[in-house]
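> Provided below for reference: sequence and predicted model.
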Amino acid sequence: MTTNDISTEKLHSLSKDGISEDLFKLLWAKDELNSGPSINIPDTIVYKYGTPVSWFFTSTNGKIKKKLKQNLVSAKIEETFNKHVLGYDVLAIFISMPAEAEVTPGGANVIEYLDREALNNFLYNRKKEVNGILQRFIEPKSTRNELVRAIWSPKVCLLERSENIHQLHDHRYGLYERCVIYEGPEYYTTSAPLRGPVLSGQLQKLCEEVVAHISEVTFGQKQVSRIVLNFKVDSRDKIWLMYSTSIRCLDMLDYTNPTDAATTLQRQLLNIDSVVSLSNTVHLNPAKTYEKIVPKKRIRCLSCARDTLEDMRHPVTYKAIIKHYEHILHLLADGSSSGKEVPKNDRMISWPPDAQIIEAAGGVGFGCLYITDVGEVMNPTQVMHYTKQRHVRDLKIPPVLHNIHYKLSIKSFERCKNDPLFLYKTVQVCEPCYLVYAEFTTMLLRMGQDLTKLLTPDPAAAPALDRASTSHLDRPSSADWRAISTAKTPTAGKFLLFFILCYFFSSHNNPIAAPFLCLL
Ligand SMILES: [Zn+2]
(Lines give C-alpha, C1' and ligand atoms only; values in the text may rest on other atoms or scores of the structure.)
Protein backbone atom coordinates (compact mmCIF):
# COMPACT_ATOMS: atom_id res chain seq x y z
CA MET A 1 0.00 0.00 0.00
CA THR A 2 1.36 3.37 -0.90
CA THR A 3 0.35 6.96 -0.55
CA ASN A 4 -0.83 6.87 -4.18
CA ASP A 5 -4.12 5.56 -2.89
CA ILE A 6 -4.83 8.90 -1.35
CA SER A 7 -5.70 11.28 -4.10
CA THR A 8 -5.90 14.83 -2.86
CA GLU A 9 -8.94 15.57 -5.02
CA LYS A 10 -10.90 13.04 -3.08
CA LEU A 11 -10.02 14.73 0.15
CA HIS A 12 -11.65 18.05 -0.57
CA SER A 13 -14.29 17.25 1.99
CA LEU A 14 -11.85 16.63 4.83
CA SER A 15 -12.50 20.08 6.21
CA LYS A 16 -16.00 19.71 7.51
CA ASP A 17 -18.34 19.21 10.43
CA GLY A 18 -19.51 15.72 11.06
CA ILE A 19 -18.02 12.28 10.82
CA SER A 20 -15.11 12.08 8.41
CA GLU A 21 -14.46 8.78 6.69
CA ASP A 22 -11.43 10.40 5.04
CA LEU A 23 -9.78 10.51 8.43
CA PHE A 24 -9.67 6.72 8.55
CA LYS A 25 -8.33 6.60 5.01
CA LEU A 26 -5.58 9.05 5.92
CA LEU A 27 -4.68 7.25 9.11
CA TRP A 28 -4.33 4.04 7.20
CA ALA A 29 -2.19 5.60 4.44
CA LYS A 30 1.55 5.10 4.86
CA ASP A 31 4.10 7.87 4.70
CA GLU A 32 7.35 7.76 2.75
CA LEU A 33 9.06 5.65 5.38
CA ASN A 34 6.13 3.21 5.10
CA SER A 35 5.03 3.86 8.63
CA GLY A 36 1.90 5.24 10.14
CA PRO A 37 0.77 6.44 13.53
CA SER A 38 0.36 3.93 16.32
CA ILE A 39 -3.26 4.50 17.16
CA ASN A 40 -5.96 2.09 18.19
CA ILE A 41 -9.12 2.34 16.21
CA PRO A 42 -12.01 -0.08 16.66
CA ASP A 43 -13.17 -2.10 13.67
CA THR A 44 -14.63 0.59 11.46
CA ILE A 45 -16.50 -0.25 8.31
CA VAL A 46 -17.36 2.49 5.83
CA TYR A 47 -20.72 2.02 4.12
CA LYS A 48 -21.58 3.57 0.79
CA TYR A 49 -25.09 3.18 -0.54
CA GLY A 50 -25.76 0.35 1.83
CA THR A 51 -22.64 -1.62 0.84
CA PRO A 52 -19.50 -2.00 2.95
CA VAL A 53 -16.62 -0.49 0.98
CA SER A 54 -13.70 -0.46 3.40
CA TRP A 55 -12.90 -1.96 6.76
CA PHE A 56 -10.23 -0.31 8.90
CA PHE A 57 -8.82 -1.78 12.08
CA THR A 58 -5.70 -1.74 14.23
CA SER A 59 -3.62 -4.84 13.86
CA THR A 60 -1.67 -6.52 16.63
CA ASN A 61 1.42 -4.47 15.82
CA GLY A 62 -0.52 -1.29 16.57
CA LYS A 63 -0.72 -0.10 12.97
CA ILE A 64 -3.91 0.73 11.15
CA LYS A 65 -4.81 -1.76 8.46
CA LYS A 66 -7.54 -2.28 5.95
CA LYS A 67 -9.18 -5.62 5.33
CA LEU A 68 -9.23 -7.22 1.93
CA LYS A 69 -12.31 -6.72 -0.18
CA GLN A 70 -13.39 -10.34 0.17
CA ASN A 71 -13.80 -9.86 3.91
CA LEU A 72 -16.41 -7.16 3.42
CA VAL A 73 -19.35 -9.49 3.83
CA SER A 74 -22.05 -9.30 6.43
CA ALA A 75 -21.29 -12.72 7.89
CA LYS A 76 -17.66 -11.78 8.61
CA ILE A 77 -18.66 -8.45 10.07
CA GLU A 78 -21.21 -10.06 12.34
CA GLU A 79 -18.73 -12.70 13.47
CA THR A 80 -16.03 -10.14 14.31
CA PHE A 81 -18.38 -7.80 16.13
CA ASN A 82 -19.83 -10.62 18.21
CA LYS A 83 -16.38 -11.92 19.15
CA HIS A 84 -15.41 -9.09 21.47
CA VAL A 85 -18.50 -8.93 23.66
CA LEU A 86 -17.64 -8.39 27.31
CA GLY A 87 -21.08 -8.69 28.79
CA TYR A 88 -22.81 -5.57 27.57
CA ASP A 89 -25.69 -5.86 25.17
CA VAL A 90 -24.51 -3.06 22.89
CA LEU A 91 -22.21 -4.35 20.16
CA ALA A 92 -21.80 -1.59 17.66
CA ILE A 93 -22.64 1.94 16.68
CA PHE A 94 -23.63 3.11 13.27
CA ILE A 95 -23.30 6.76 12.40
CA SER A 96 -24.99 7.66 9.17
CA MET A 97 -23.61 10.34 6.92
CA PRO A 98 -25.65 12.31 4.45
CA ALA A 99 -24.73 11.85 0.79
CA GLU A 100 -22.31 14.56 -0.28
CA ALA A 101 -24.93 16.37 -2.31
CA GLU A 102 -27.18 16.82 0.66
CA VAL A 103 -24.71 17.97 3.29
CA THR A 104 -26.41 20.59 5.36
CA PRO A 105 -24.88 22.87 7.91
CA GLY A 106 -25.33 21.55 11.40
CA GLY A 107 -24.61 18.05 10.23
CA ALA A 108 -26.96 15.20 9.65
CA ASN A 109 -25.02 12.46 11.36
CA VAL A 110 -27.42 10.16 13.10
CA ILE A 111 -26.10 7.63 15.58
CA GLU A 112 -27.64 4.24 16.24
CA TYR A 113 -26.63 1.90 19.04
CA LEU A 114 -26.93 -1.69 17.97
CA ASP A 115 -27.36 -4.79 20.07
CA ARG A 116 -27.01 -8.28 18.67
CA GLU A 117 -30.44 -8.32 17.09
CA ALA A 118 -30.22 -4.77 15.76
CA LEU A 119 -26.79 -5.48 14.28
CA ASN A 120 -28.12 -8.53 12.50
CA ASN A 121 -31.02 -6.49 11.23
CA PHE A 122 -28.61 -3.76 10.15
CA LEU A 123 -26.40 -6.17 8.23
CA TYR A 124 -29.11 -8.07 6.44
CA ASN A 125 -32.07 -5.72 6.10
CA ARG A 126 -30.40 -2.37 5.60
CA LYS A 127 -31.82 0.19 3.24
CA LYS A 128 -29.73 0.57 0.12
CA GLU A 129 -29.19 4.31 0.17
CA VAL A 130 -27.44 4.50 3.53
CA ASN A 131 -23.93 5.94 3.97
CA GLY A 132 -21.98 5.94 7.18
CA ILE A 133 -19.60 4.14 9.44
CA LEU A 134 -20.28 1.01 11.43
CA GLN A 135 -18.00 0.79 14.43
CA ARG A 136 -17.46 -1.82 17.07
CA PHE A 137 -18.57 -0.63 20.48
CA ILE A 138 -15.63 -0.22 22.85
CA GLU A 139 -16.43 -1.09 26.43
CA PRO A 140 -15.57 1.86 28.63
CA LYS A 141 -13.16 1.79 31.56
CA SER A 142 -15.89 2.67 34.04
CA THR A 143 -19.29 1.04 34.27
CA ARG A 144 -20.85 3.95 32.42
CA ASN A 145 -20.51 4.71 28.75
CA GLU A 146 -18.13 7.60 28.25
CA LEU A 147 -16.29 9.56 25.62
CA VAL A 148 -13.31 11.88 25.85
CA ARG A 149 -13.47 14.76 23.45
CA ALA A 150 -10.27 16.47 22.43
CA ILE A 151 -10.47 19.88 20.83
CA TRP A 152 -7.07 20.38 19.33
CA SER A 153 -5.40 23.38 17.77
CA PRO A 154 -1.67 23.98 17.39
CA LYS A 155 -1.63 26.13 20.49
CA VAL A 156 -4.08 24.47 22.81
CA CYS A 157 -5.69 21.09 23.42
CA LEU A 158 -8.88 21.01 25.47
CA LEU A 159 -9.97 17.70 26.86
CA GLU A 160 -13.38 16.93 28.22
CA ARG A 161 -14.79 13.67 29.53
CA SER A 162 -18.51 12.99 29.36
CA GLU A 163 -20.23 10.02 30.81
CA ASN A 164 -23.77 8.75 30.78
CA ILE A 165 -25.66 8.90 34.06
CA HIS A 166 -26.82 5.28 33.85
CA GLN A 167 -24.74 2.17 34.36
CA LEU A 168 -24.22 0.37 31.10
CA HIS A 169 -25.37 -2.96 32.52
CA ASP A 170 -28.45 -1.56 34.26
CA HIS A 171 -31.15 -3.08 32.13
CA ARG A 172 -33.91 -1.20 33.90
CA TYR A 173 -33.05 1.51 31.42
CA GLY A 174 -33.22 1.16 27.70
CA LEU A 175 -30.22 0.73 25.44
CA TYR A 176 -30.24 4.36 24.37
CA GLU A 177 -30.76 5.63 27.90
CA ARG A 178 -27.56 3.88 28.91
CA CYS A 179 -25.48 4.72 25.82
CA VAL A 180 -26.11 8.28 24.72
CA ILE A 181 -23.40 10.84 25.39
CA TYR A 182 -23.04 14.00 23.33
CA GLU A 183 -25.94 13.11 21.04
CA GLY A 184 -28.47 12.88 23.84
CA PRO A 185 -30.05 15.59 25.99
CA GLU A 186 -27.66 17.19 28.45
CA TYR A 187 -29.28 15.67 31.50
CA TYR A 188 -28.21 12.22 30.36
CA THR A 189 -24.55 12.98 30.82
CA THR A 190 -22.13 14.51 33.25
CA SER A 191 -19.11 16.30 31.85
CA ALA A 192 -15.92 17.43 33.45
CA PRO A 193 -12.58 18.65 32.16
CA LEU A 194 -10.04 15.87 32.05
CA ARG A 195 -7.51 16.36 34.79
CA GLY A 196 -4.27 14.58 35.51
CA PRO A 197 -1.17 14.84 33.35
CA VAL A 198 -0.78 11.24 32.15
CA LEU A 199 -3.92 10.68 30.09
CA SER A 200 -4.03 14.32 28.99
CA GLY A 201 -0.48 14.08 27.77
CA GLN A 202 -1.17 10.86 25.89
CA LEU A 203 -4.26 12.26 24.22
CA GLN A 204 -2.55 15.44 23.19
CA LYS A 205 0.30 13.44 21.72
CA LEU A 206 -2.17 11.32 19.76
CA CYS A 207 -3.85 14.42 18.33
CA GLU A 208 -0.48 15.76 17.25
CA GLU A 209 0.43 12.44 15.66
CA VAL A 210 -2.80 12.39 13.69
CA VAL A 211 -2.27 15.93 12.43
CA ALA A 212 1.37 15.31 11.56
CA HIS A 213 0.51 12.11 9.75
CA ILE A 214 -2.18 13.77 7.64
CA SER A 215 0.27 16.43 6.63
CA GLU A 216 2.86 13.83 5.69
CA VAL A 217 0.69 11.56 3.61
CA THR A 218 -0.74 14.50 1.68
CA PHE A 219 2.77 15.92 1.14
CA GLY A 220 1.94 18.95 3.18
CA GLN A 221 -1.11 19.86 1.12
CA LYS A 222 -3.51 19.26 3.95
CA GLN A 223 -2.52 20.99 7.14
CA VAL A 224 -5.04 20.33 9.84
CA SER A 225 -5.41 23.55 11.78
CA ARG A 226 -8.08 22.44 14.20
CA ILE A 227 -9.66 19.12 14.90
CA VAL A 228 -12.19 17.58 17.28
CA LEU A 229 -11.40 13.95 18.03
CA ASN A 230 -13.39 11.58 20.19
CA PHE A 231 -11.55 8.98 22.23
CA LYS A 232 -12.48 6.17 24.53
CA VAL A 233 -10.43 4.49 27.24
CA ASP A 234 -11.17 0.83 27.79
CA SER A 235 -10.85 -1.34 30.86
CA ARG A 236 -7.21 -2.08 30.06
CA ASP A 237 -6.38 1.62 29.81
CA LYS A 238 -6.03 1.33 26.07
CA ILE A 239 -6.92 4.54 24.26
CA TRP A 240 -9.13 4.19 21.21
CA LEU A 241 -9.70 6.87 18.61
CA MET A 242 -13.36 6.65 17.69
CA TYR A 243 -14.09 9.37 15.17
CA SER A 244 -13.69 13.05 14.45
CA THR A 245 -16.62 15.40 14.53
CA SER A 246 -15.07 18.55 13.10
CA ILE A 247 -11.96 19.23 11.06
CA ARG A 248 -10.51 22.46 9.71
CA CYS A 249 -7.65 22.35 7.23
CA LEU A 250 -5.37 24.76 5.58
CA ASP A 251 -5.20 23.66 2.00
CA MET A 252 -1.86 24.90 0.78
CA LEU A 253 -2.84 24.62 -2.87
CA ASP A 254 -5.74 27.00 -2.41
CA TYR A 255 -3.69 29.90 -1.22
CA THR A 256 -1.01 31.74 -3.06
CA ASN A 257 -0.99 34.65 -0.70
CA PRO A 258 -0.04 33.65 2.86
CA THR A 259 -2.07 36.49 4.45
CA ASP A 260 -5.17 35.07 2.77
CA ALA A 261 -4.48 31.82 4.43
CA ALA A 262 -4.10 33.46 7.80
CA THR A 263 -7.44 35.27 7.60
CA THR A 264 -9.27 32.18 6.39
CA LEU A 265 -7.79 30.22 9.23
CA GLN A 266 -9.23 32.67 11.69
CA ARG A 267 -12.66 32.49 10.22
CA GLN A 268 -12.81 28.72 10.12
CA LEU A 269 -13.74 28.03 13.68
CA LEU A 270 -14.33 24.54 14.85
CA ASN A 271 -17.79 23.30 15.52
CA ILE A 272 -17.72 22.02 19.07
CA ASP A 273 -21.45 21.49 19.29
CA SER A 274 -22.64 17.97 18.96
CA VAL A 275 -22.87 17.22 15.28
CA VAL A 276 -24.06 13.70 15.90
CA SER A 277 -27.71 13.37 16.79
CA LEU A 278 -30.18 10.68 17.57
CA SER A 279 -32.63 9.38 15.05
CA ASN A 280 -36.11 10.85 15.29
CA THR A 281 -37.46 7.36 15.84
CA VAL A 282 -35.63 7.15 19.16
CA HIS A 283 -37.60 8.55 22.05
CA LEU A 284 -35.61 8.67 25.23
CA ASN A 285 -37.52 8.00 28.36
CA PRO A 286 -35.39 7.56 31.46
CA ALA A 287 -38.17 5.74 33.24
CA LYS A 288 -38.81 3.04 30.74
CA THR A 289 -36.95 0.52 28.69
CA TYR A 290 -36.20 1.51 25.16
CA GLU A 291 -38.26 -0.81 23.12
CA LYS A 292 -38.92 -1.07 19.49
CA ILE A 293 -41.56 1.42 18.49
CA VAL A 294 -44.62 -0.51 17.51
CA PRO A 295 -47.60 1.13 15.86
CA LYS A 296 -50.28 1.93 18.42
CA LYS A 297 -53.29 -0.32 18.42
CA ARG A 298 -56.58 1.06 17.23
CA ILE A 299 -59.79 -0.10 18.77
CA ARG A 300 -63.32 0.55 17.63
CA CYS A 301 -65.21 2.55 20.24
CA LEU A 302 -68.35 0.70 21.33
CA SER A 303 -70.14 3.95 21.89
CA CYS A 304 -69.57 5.69 18.56
CA ALA A 305 -68.12 2.95 16.32
CA ARG A 306 -65.17 5.14 15.42
CA ASP A 307 -61.62 3.83 15.27
CA THR A 308 -59.70 5.20 18.23
CA LEU A 309 -56.20 4.93 19.56
CA GLU A 310 -55.78 2.46 22.35
CA ASP A 311 -54.19 4.95 24.72
CA MET A 312 -56.81 7.65 24.09
CA ARG A 313 -59.59 5.82 25.85
CA HIS A 314 -61.21 6.59 29.17
CA PRO A 315 -63.56 4.77 31.52
CA VAL A 316 -67.26 5.65 31.71
CA THR A 317 -69.43 4.17 34.43
CA TYR A 318 -72.35 1.92 33.57
CA LYS A 319 -74.45 4.39 35.52
CA ALA A 320 -73.72 7.21 33.11
CA ILE A 321 -74.44 4.96 30.16
CA ILE A 322 -77.72 3.75 31.66
CA LYS A 323 -78.90 7.26 32.61
CA HIS A 324 -78.06 8.62 29.20
CA TYR A 325 -79.72 5.72 27.44
CA GLU A 326 -82.88 5.97 29.53
CA HIS A 327 -83.39 9.54 28.41
CA ILE A 328 -83.00 8.67 24.80
CA LEU A 329 -85.33 5.72 25.12
CA HIS A 330 -87.94 7.96 26.73
CA LEU A 331 -87.64 10.36 23.89
CA LEU A 332 -87.92 7.59 21.33
CA ALA A 333 -90.91 6.01 23.02
CA ASP A 334 -92.69 9.34 23.24
CA GLY A 335 -91.96 10.02 19.65
CA SER A 336 -93.21 6.66 18.42
CA SER A 337 -96.24 6.83 16.19
CA SER A 338 -98.27 4.51 18.44
CA GLY A 339 -101.06 6.32 20.17
CA LYS A 340 -100.54 7.86 23.56
CA GLU A 341 -102.93 5.34 25.05
CA VAL A 342 -100.54 2.49 24.45
CA PRO A 343 -98.31 1.96 27.49
CA LYS A 344 -94.81 3.12 26.81
CA ASN A 345 -93.34 -0.33 27.06
CA ASP A 346 -95.63 -1.68 24.36
CA ARG A 347 -94.83 0.96 21.83
CA MET A 348 -92.87 0.09 18.74
CA ILE A 349 -89.87 2.08 17.68
CA SER A 350 -87.56 1.66 14.75
CA TRP A 351 -84.28 0.14 15.81
CA PRO A 352 -81.48 1.21 15.59
CA PRO A 353 -82.79 4.73 16.08
CA ASP A 354 -82.65 7.38 13.45
CA ALA A 355 -79.12 8.70 12.89
CA GLN A 356 -80.32 12.26 13.57
CA ILE A 357 -81.58 11.29 17.00
CA ILE A 358 -78.35 9.55 17.88
CA GLU A 359 -76.53 12.62 16.72
CA ALA A 360 -78.76 14.85 18.85
CA ALA A 361 -78.02 12.62 21.81
CA GLY A 362 -74.36 13.47 21.48
CA GLY A 363 -73.52 10.66 19.08
CA VAL A 364 -72.79 8.29 21.91
CA GLY A 365 -74.17 4.99 23.14
CA PHE A 366 -75.30 3.39 19.89
CA GLY A 367 -72.08 2.76 17.96
CA CYS A 368 -71.96 -0.97 18.69
CA LEU A 369 -75.28 -1.43 16.88
CA TYR A 370 -73.52 -0.53 13.67
CA ILE A 371 -70.49 -2.76 14.11
CA THR A 372 -70.62 -6.01 12.19
CA ASP A 373 -69.31 -9.32 13.47
CA VAL A 374 -66.00 -8.74 11.72
CA GLY A 375 -65.56 -5.37 13.41
CA GLU A 376 -66.42 -3.23 10.39
CA VAL A 377 -68.91 -0.38 10.36
CA MET A 378 -72.08 -1.06 8.38
CA ASN A 379 -72.76 0.89 5.23
CA PRO A 380 -76.13 2.69 4.86
CA THR A 381 -77.66 -0.15 2.82
CA GLN A 382 -76.76 -2.68 5.47
CA VAL A 383 -78.23 -0.39 8.12
CA MET A 384 -81.47 -0.15 6.14
CA HIS A 385 -81.78 -3.92 5.97
CA TYR A 386 -80.93 -4.21 9.59
CA THR A 387 -83.43 -1.61 10.83
CA LYS A 388 -86.72 -2.98 12.11
CA GLN A 389 -89.56 -2.09 14.48
CA ARG A 390 -89.09 -3.28 18.02
CA HIS A 391 -90.94 -3.06 21.30
CA VAL A 392 -89.58 -0.57 23.80
CA ARG A 393 -89.77 -3.19 26.53
CA ASP A 394 -87.25 -5.32 24.65
CA LEU A 395 -84.80 -2.47 24.49
CA LYS A 396 -84.24 -1.79 28.15
CA ILE A 397 -80.55 -2.66 28.11
CA PRO A 398 -78.27 0.04 26.71
CA PRO A 399 -76.68 -1.27 23.50
CA VAL A 400 -73.17 -0.75 24.88
CA LEU A 401 -73.88 -2.88 27.93
CA HIS A 402 -75.77 -5.43 25.88
CA ASN A 403 -72.70 -5.71 23.69
CA ILE A 404 -70.46 -6.40 26.68
CA HIS A 405 -72.88 -8.63 28.61
CA TYR A 406 -74.71 -10.29 25.75
CA LYS A 407 -76.12 -12.98 28.05
CA LEU A 408 -77.68 -10.46 30.42
CA SER A 409 -81.47 -10.77 30.34
CA ILE A 410 -83.73 -7.76 30.78
CA LYS A 411 -84.91 -9.21 34.09
CA SER A 412 -81.41 -9.50 35.49
CA PHE A 413 -80.57 -6.09 34.08
CA GLU A 414 -83.45 -4.49 35.99
CA ARG A 415 -82.06 -6.09 39.14
CA CYS A 416 -78.46 -5.09 38.41
CA LYS A 417 -79.54 -1.53 37.77
CA ASN A 418 -79.94 -1.02 41.50
CA ASP A 419 -76.67 -2.64 42.42
CA PRO A 420 -73.95 -0.05 43.06
CA LEU A 421 -71.27 -2.60 42.17
CA PHE A 422 -72.78 -2.93 38.75
CA LEU A 423 -73.42 0.77 38.30
CA TYR A 424 -69.83 1.68 39.03
CA LYS A 425 -68.32 -0.79 36.67
CA THR A 426 -66.73 0.98 33.75
CA VAL A 427 -66.31 0.60 30.04
CA GLN A 428 -63.54 2.19 27.98
CA VAL A 429 -64.72 4.64 25.35
CA CYS A 430 -62.95 7.11 23.11
CA GLU A 431 -62.18 10.62 24.28
CA PRO A 432 -65.03 12.46 22.46
CA CYS A 433 -67.55 9.95 23.84
CA TYR A 434 -66.06 10.27 27.29
CA LEU A 435 -66.48 14.05 27.17
CA VAL A 436 -70.10 13.75 26.09
CA TYR A 437 -70.87 11.36 28.93
CA ALA A 438 -69.02 13.57 31.38
CA GLU A 439 -71.01 16.58 30.32
CA PHE A 440 -74.24 14.65 30.54
CA THR A 441 -73.42 13.45 34.05
CA THR A 442 -72.54 16.96 35.15
CA MET A 443 -75.83 18.26 33.81
CA LEU A 444 -77.66 15.45 35.53
CA LEU A 445 -76.06 16.36 38.84
CA ARG A 446 -76.95 19.99 38.37
CA MET A 447 -80.57 19.05 37.71
CA GLY A 448 -80.63 16.91 40.87
CA GLN A 449 -80.92 13.61 38.98
CA ASP A 450 -84.45 14.66 38.18
CA LEU A 451 -84.36 14.94 34.46
CA THR A 452 -86.95 12.21 34.07
CA LYS A 453 -89.68 14.58 35.24
CA LEU A 454 -89.10 16.62 32.21
CA LEU A 455 -89.55 13.57 30.09
CA THR A 456 -93.08 12.78 31.13
CA PRO A 457 -95.27 14.37 28.52
CA ASP A 458 -98.48 16.08 29.48
CA PRO A 459 -101.35 14.42 27.59
CA ALA A 460 -102.97 17.83 27.20
CA ALA A 461 -100.13 18.97 25.08
CA ALA A 462 -100.27 16.01 22.78
CA PRO A 463 -103.05 17.14 20.43
CA ALA A 464 -101.45 20.52 19.97
CA LEU A 465 -98.17 18.91 19.12
CA ASP A 466 -99.84 16.46 16.80
CA ARG A 467 -101.32 19.30 14.91
CA ALA A 468 -98.10 21.15 14.83
CA SER A 469 -96.17 18.43 13.11
CA THR A 470 -97.09 15.70 10.72
CA SER A 471 -94.82 13.21 12.44
CA HIS A 472 -93.58 13.23 16.00
CA LEU A 473 -90.04 12.90 14.88
CA ASP A 474 -90.20 15.88 12.57
CA ARG A 475 -88.65 19.00 13.79
CA PRO A 476 -91.20 21.59 14.90
CA SER A 477 -91.28 24.79 12.91
CA SER A 478 -89.80 27.82 14.58
CA ALA A 479 -93.32 29.20 15.07
CA ASP A 480 -94.22 26.11 17.11
CA TRP A 481 -91.14 26.56 19.13
CA ARG A 482 -91.95 30.12 19.93
CA ALA A 483 -95.47 29.15 20.91
CA ILE A 484 -94.17 26.50 23.23
CA SER A 485 -91.43 28.52 24.80
CA THR A 486 -93.41 31.72 25.30
CA ALA A 487 -96.41 29.89 26.73
CA LYS A 488 -94.03 28.40 29.32
CA THR A 489 -96.46 25.54 29.82
CA PRO A 490 -95.11 22.34 31.28
CA THR A 491 -96.80 20.60 28.38
CA ALA A 492 -93.97 20.53 25.99
CA GLY A 493 -92.22 17.68 27.71
CA LYS A 494 -91.00 15.98 24.62
CA PHE A 495 -89.63 19.06 22.99
CA LEU A 496 -88.26 20.28 26.22
CA LEU A 497 -86.25 17.11 26.37
CA PHE A 498 -85.09 17.70 22.87
CA PHE A 499 -84.32 21.18 23.92
CA ILE A 500 -82.27 20.00 26.89
CA LEU A 501 -80.45 17.47 24.82
CA CYS A 502 -79.63 20.11 22.31
CA TYR A 503 -78.41 22.30 25.07
CA PHE A 504 -76.16 19.52 26.35
CA PHE A 505 -74.54 18.91 23.09
CA SER A 506 -74.43 22.40 21.76
CA SER A 507 -70.77 22.60 22.66
CA HIS A 508 -70.08 19.75 20.29
CA ASN A 509 -71.13 21.84 17.33
CA ASN A 510 -73.99 19.51 16.81
CA PRO A 511 -75.52 20.46 13.46
CA ILE A 512 -78.95 19.40 14.58
CA ALA A 513 -78.83 21.13 17.90
CA ALA A 514 -77.73 24.43 16.42
CA PRO A 515 -81.04 25.52 14.83
CA PHE A 516 -82.86 24.74 18.06
CA LEU A 517 -80.40 26.61 20.10
CA CYS A 518 -80.88 29.83 18.27
CA LEU A 519 -84.47 29.74 19.39
CA LEU A 520 -83.53 30.02 23.00
ZN1 LIG B 1 -66.51 6.84 20.92
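Happy to help now that I have it.
> Which residues of the stretch 201-350 of the chain lie near the ion?
Residues of the stretch 201-350 of the chain lying near the ion by Cβ under 5 Å from the ion: 301, 303-304. Backbone N, C-alpha and C define where each C-beta goes, glycine included.
> Let's have these in a markdown table, adding secondary structure, neighbour count and pLDDT.
Output for these, formatted as a markdown table (DSSP: H, G, I helix; E, B strand; the rest coil; neighbours: other Cβ atoms under 10 Å; pLDDT from 0 to 100):
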| residue | secondary structure | neighbour count | pLDDT |
| --- | --- | --- | --- |
| Cys301 | coil | 25 | 90 |
| Ser303 | coil | 30 | 91 |
| Cys304 | coil | 22 | 91 |
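> From those, pick the one nearest Ile404.
Ser303 (11.3 Å; Cβ to Cβ).
> For the closest one, list the residues it contacts.
Contacts for Ser303 (Cβ atoms under 8 Å, 6 or more residues apart in numbering) come out as 316, 321, 364-368, 400, 429-430, 433, 437.
> again, only this time at 10 Å
The contact partners of Ser303, by Cβ atoms under 10 Å, 6 or more residues apart in numbering, come to 316, 321, 324, 362-368, 398-400, 403, 427-430, 432-434, 436-437.
> Among those residues, name the ones in strands.
Within the contacts of Ser303, residues falling in strands by DSSP state E are 316, 427-430.
> now, the most widely separated pair of those?
Spatial extent of those (Cβ to Cβ) is set by the pair Val427 and Cys430 at 11.2 Å.
> just for the stretch 151-300 of the chain, where's the confidence low?
Residue ranges of the stretch 151-300 of the chain with pLDDT under 70: 251-269, 272, 274, 280-281, 283, 285-296.
> make it 50
Within the stretch 151-300 of the chain, not a single segment meets pLDDT under 50.
> tell me the domain ranges of this protein?
By the assignment in automatic domain parsing, the chain contains the domains 3-295, 300-518.
> Least confident of these, on average?
If you rank the domains of the chain by mean pLDDT, domain 300-518 sits at the bottom with a mean of 73.
> for stretch 387-406, which positions count as buried?
Going by neighbour count (16 or more other Cβ atoms under 10 Å), the buried part of stretch 387-406 is 392, 395-403, 405.
> Now render the residues you listed as JSON lines, adding distance to Gly132.
Below are these laid out as JSON lines (distance: Cβ to Cβ, whole Å):
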{"residue": "Val392", "distance to Gly132": "69"}
{"residue": "Leu395", "distance to Gly132": "64"}
{"residue": "Lys396", "distance to Gly132": "66"}
{"residue": "Ile397", "distance to Gly132": "61"}
{"residue": "Pro398", "distance to Gly132": "58"}
{"residue": "Pro399", "distance to Gly132": "56"}
{"residue": "Val400", "distance to Gly132": "53"}
{"residue": "Leu401", "distance to Gly132": "56"}
{"residue": "His402", "distance to Gly132": "57"}
{"residue": "Asn403", "distance to Gly132": "52"}
{"residue": "His405", "distance to Gly132": "57"}
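> out of those residues, who's nearest Thr308?
Nearest to Thr308 among the buried residues of stretch 387-406 is Val400, at 14.3 Å by Cβ to Cβ.
> Distance of the closest one relative to Arg226?
68 Å (Cβ to Cβ, to the nearest Å).
> and what of Phe219?
Where Arg226 is concerned, Phe219 sits at a distance of 21 Å (Cβ to Cβ).
> Neighbour count: those two, which is higher?
Arg226 (22 against 13; other Cβ atoms under 10 Å).
> That one falls within a strand, correct?
Yes: the assignment for Arg226 by DSSP: H, G, I helix; E, B strand; the rest coil puts it in a strand.
> Bridge partners for it, pull those for me.
Beta-bridge partners for Arg226, by DSSP bridges, are Arg248.
> Skipping its backbone neighbours, what lies nearest Ser54 in space?
Nearest residue to Ser54, sequence neighbours excluded (Cβ to Cβ, 6 or more residues apart in numbering): Val46, at 4.8 Å.
> if I pick that neighbour, what's in contact with it?
Contacts for Val46 (Cβ under 10 Å, 6+ apart) come out as 19, 21-22, 24-25, 52-56, 66, 72, 97, 131-134.
> What subset of these is buried?
Taking 16+ other Cβ under 10 Å as the criterion, what is buried in the contacts of Val46 is 19, 21-22, 24-25, 52, 54-56, 66, 72, 97, 131-134.
> Let me know the closest of those to the ion.
When the buried ones among the contacts of Val46 are ranked by distance to the ion (Cβ to the ion), Gly132 comes first, at 45.2 Å.
> Do I have it right that Leu329 meets Phe366?
No: counting by Cβ atoms under 10 Å, Leu329 does not reach Phe366; the two are 11.1 Å apart.
> pretty sure Val275 is touching Arg149, no?
No: with contacts counted by Cβ under 10 Å, Val275 stays clear of Arg149, the gap being 11.5 Å.
> Tally up the residues packed near the residue in the stretch 101-250 of the chain that the ion sits nearest to, please.
Going by Cβ to the ion, the ion is nearest to Gly174 of the stretch 101-250 of the chain, at 33.2 Å. By the measure other Cβ under 10 Å, the count of residues near Gly174 is 20.
> again, but for Cys157
19.
> what's near enough to touch the closest residue to it other than its chain neighbours?
Closest residue in space to Cys157, ignoring its immediate chain neighbours: Gln204 at 4.4 Å, by Cβ to Cβ, 6+ apart. Contacts for Gln204 (Cβ under 10 Å, 6+ apart) come out as 150, 152, 156-159.
> Buried members of those residues into PyMOL, please.
Remark: buried members of those, expressed as a PyMOL selection using 16+ other Cβ under 10 Å:
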select buried, resi 150+152+157+159
